[in-house]
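# sequence unavailable; structure follows:
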């Protein structure tokens, strides 16, 4: 087995929404604050552009820093593919780890349905690797990608969040 | 809807397929050959089971050079959990809370 496979995680969800709507939900702050753990993203959608995810008031009340994730854009091909580095600053342990690499791919199927695939290369970042699959209580921050993607699907399909 | 519960439950209903998912949970990103070592079955049999898992989006494949790697996709399981398990647990919980309120009122 190659080292690459052991440190890559894949998450896929089917959403009844346009590719553009999904792209916007990932890259625009007015959308990112409405699902998952919220907070507003800032993306410079060009090669080497800055990425920053700011904490919501709720996150800050749990003691998280003002900026919870940073990174750089590697490839931006709206509304199909976004490749970026992803470096969570949740705590000292994740901050100390190297940047991970995140790829969003949006594929349009027939019937107004899209497949969204997240490929997360967490090479050299065991703390991040253990956090992003979820498996914990979503309310305690343990939802990971599966919970965030489920919530995104609910929001785009019904206009409401899963828990709303 | 494309990701439908029937496909997921059907995929999970078979012990070999659950064992393939367990293998990927232990170590993600395996080739067909690697997955075959964990189950007593022909190559064709394993391929058929993997196809059912892929159709249910429980397994996603990625090419890495000449190899096709299989990855566990936990999202559908999360959704089943949220839609089917949490819902019933909540009812249990509220029944218990109701009982608690009733008993405390009596005191």
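Received it, and whenever you're ready, just let me know what you need. These numbers come from a predicted model, not from an experiment.
# residue numbers of chain A in contact with chain B?
Contact residues (CB under 8 Å from any CB of the partner chain) of chain A with chain B: A:1-2, A:4-6, A:8-14, A:16, A:109, A:111, A:113, A:115, A:117, A:119, A:133-135, A:145-147, A:149-150, A:153, A:162. For the C-beta atoms, the positions are set from N, CA and C on the backbone; glycine is no exception.
# check which residues of the longest strand along chain A are buried.
Counting residues, the longest strand found in chain A (DSSP state E) is strand A:67-77. Under the neighbour-count criterion of 16 or more other CB atoms under 10 Å in any protein chain shown, strand A:67-77 has A:68-74, A:76 buried.
# can you tell me the number of residues neighbouring the residue of chain B found nearest chain A?
With CB to the nearest CB as the measure, residue B:29 is the residue of chain B nearest to chain A, at 2.9 Å. Residue B:29: 23 surrounding residues under other CB atoms under 10 Å in any protein chain shown.
# how about residue A:140?
Neighbour tally, residue A:140, other CB under 10 Å: 8.
# read off the pLDDT value for it.
What the model reports for residue A:140 is a pLDDT of 78.
# give me the distance between it and residue A:134.
The gap separating residue A:140 from residue A:134 is 11 Å, by CB to CB, to the nearest Å.
# please work out how many residues are found near residue 92.
Let's take chain A. 8.
# chain B, not that one
Counted by other CB under 10 Å, the residues lying close to residue B:92 total 9.
# so it: helix, strand or coil?
Taken by DSSP: H, G, I helix; E, B strand; the rest coil, the conformation at residue B:92 corresponds to helix.
# what do you get for residue A:65?
coil.
# which residues touch the residue nearest to it when sequence neighbours are not counted?
Residue nearest to residue A:65 in three dimensions, not counting chain neighbours: residue A:89, with 5.6 Å by CB to CB, 6 or more residues apart in numbering or on different chains. Going by CB atoms under 8 Å, 6 or more residues apart in numbering or on different chains, residue A:89 touches A:65, A:67-70, A:95.
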